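Novice: pasting the sequence and the predicted coordinates here, then a few questions.
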Amino acid sequence: MTNCNKKYVEELIEYANSIKNYVYNTLSELMRLKKNVNGEEVSMWHSLLRFEGLEYMVKSLESALRKMKLTCHPENGNGKNWTPWDILRFTIIVDTNNETLNDIYEYMKSLHNMDDFEVTYERFSKCIKDGLVGDYGDIYYNVKYKDLLFEIQFHTEDSLKSKEEVYHPLYEKWRINKGNCEPFIQMVDYTKNNSERLGINEESILLSVITGKPLKCELTYDYDDAAVKCCKISGSCLKISNDISAGGKLRDFKKRKPKTKRKKSTKRKKSTKRKKSTKRKKSIKRKKSIKRKNLLKEKII
């Protein structure tokens, strides 16, 4: 596992520090683009307000090593090579209006179309799928610049505050000991109780920068097998409706079974024609011979 060593992490952080200003300036200049509306210069994407947390643009060595260790040398022994995607990261605060999701899409599409920048991963959790709430309402992208993957997160003021004050502390508790489901269930309950304030609703649709199709809704319950187990044990991962007071029903969360491919049916053998009975054949032959004899008699006569 070539990425599972301290030297690799140190070199990666050094490289991130060498390109961070260029990447930030590119993102910032793109955000400041203007367009002409009725003779007036206005922001190209007015829903994007500002960058947040630039002092934490590059991940600390301690944090990166901890993440590397969890991937390369987990307690269960099933280690795998570490692929870092958030050594360099940016958070953009957005407004809550009808144009926000479209502005995010257009902004990221413009970045994706630039030389040296490529969106490689997208996640959308500001949504409700089949009555199940998504995550805490972040919109997340991984972007490749030369040899480094970095992340861009879009948050409202409320979703960022919830992430820092509620979700992150609870997730860290649960991550250390996933056998203890209490922190995870608290995250789920918080999302359900604050979905409207976090801007999480069923009508939300965000187009993919990569495919142009609507992104799927990422659910909190899809973290991993441990999350599904916590849902089953506690019974707290319930489906919700947009308006429970108006008659929406709560139903227990159930993990969907993976679809199994149907086996191709073997072609039916062609049915063989029934053989005519030998008796019938003999009777036909006999009739024909009698008919011939009668004809001969008539000719003779």
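Specialist: That came in fine, so what should we check first?
Novice: when you work out contacts or count neighbours from here on, use the C-alpha atoms and nothing else.
Specialist: Will do.
Novice: for the chain, which segments count as strands?
Specialist: For the chain, applying DSSP state E gives strands covering 34-37, 40-43, 48-52, 88-94, 117-124, 128-129, 132-133, 139-145, 148-155.
Novice: residues in contact with the fourth one?
Specialist: Pointing back at strand 88-94 there. The contact list for strand 88-94 (C-alpha atoms under 8 Å, 6 or more residues apart in numbering) reads 16, 20, 47-54, 56-59, 100, 149-157.
Novice: thinking again about what came up before, worst mean pLDDT among the strands of the chain?
Specialist: Per-stretch mean pLDDT for the strands of the chain is lowest at strand 132-133 (a mean of 66).
Novice: neighbours of Y8, how many?
Specialist: Look at Y8: counted by other C-alpha atoms under 10 Å, it has 13 neighbours.
Novice: flag every buried residue along stretch 87-98.
Specialist: Going by neighbour count (16 or more other C-alpha atoms under 10 Å), the buried part of stretch 87-98 is I87, L88, R89, F90, T91, I92, I93, V94, D95.
Novice: meant to ask about stretch 204-212, not that
Specialist: Buried residues in stretch 204-212, defined by neighbour count with 16+ other C-alpha under 10 Å: S204, I205, L206, L207, S208, V209.
Novice: next: stretch 109-116.
Specialist: Within stretch 109-116, the residues that count as buried by 16+ other C-alpha under 10 Å are K109, L111, H112.
Novice: show the pLDDT at the first one.
Specialist: Per-residue confidence at K109 stands at 97 (pLDDT).
Novice: what's near enough to touch it?
Specialist: Applying C-alpha under 8 Å, 6+ apart, we find K109 in contact with V209.
Novice: kindly report the same for the last one.
Specialist: By C-alpha under 8 Å, 6+ apart, the residues touching H112 are E118, V119, V209.
Novice: cool, and L207?
Specialist: N102, Y105, K213, P214, L215.
Novice: who does the residue nearest to the third one when sequence neighbours are not counted bridge with?
Specialist: On the basis of C-alpha to C-alpha, 6 or more residues apart in numbering, the spatially nearest residue to K213 that is not a chain neighbour turns out to be L207, at 5.3 Å. L207 has the following beta-bridge partners by DSSP bridges: P214.
Novice: low-confidence ranges, the stretch 201-301 of the chain, go.
Specialist: Low-confidence segments of the stretch 201-301 of the chain (pLDDT under 70): 220-223, 234-301.
Novice: same deal with the stretch 51-200 of the chain?
Specialist: Scanning the stretch 51-200 of the chain with the threshold set as pLDDT under 70 gives 75-77, 130-137.
Novice: just the helices from it, written as ranges.
Specialist: Here the stretch 51-200 of the chain has its helices, by DSSP state H, counting those that start in this stretch, at 61-72, 100-112, 157-162, 168-176, 182-193.
Novice: same list, the ones you listed, but as CSV with distance to R32 please.
Specialist: Listed next are the helices of the stretch 51-200 of the chain as CSV, based on distance: least, C-alpha to C-alpha, whole Å:
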stretch, distance to R32
helix 61-72, 32
helix 100-112, 11
helix 157-162, 20
helix 168-176, 31
helix 182-193, 33
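Novice: what's the neighbour count on the residue lying closest to I128 once chain neighbours are set aside?
Specialist: Spatial nearest neighbour of I128, excluding adjacent residues (C-alpha to C-alpha, 6+ apart): E202 at 4.7 Å. A count of nearby residues for E202, using other C-alpha under 10 Å, gives 18.
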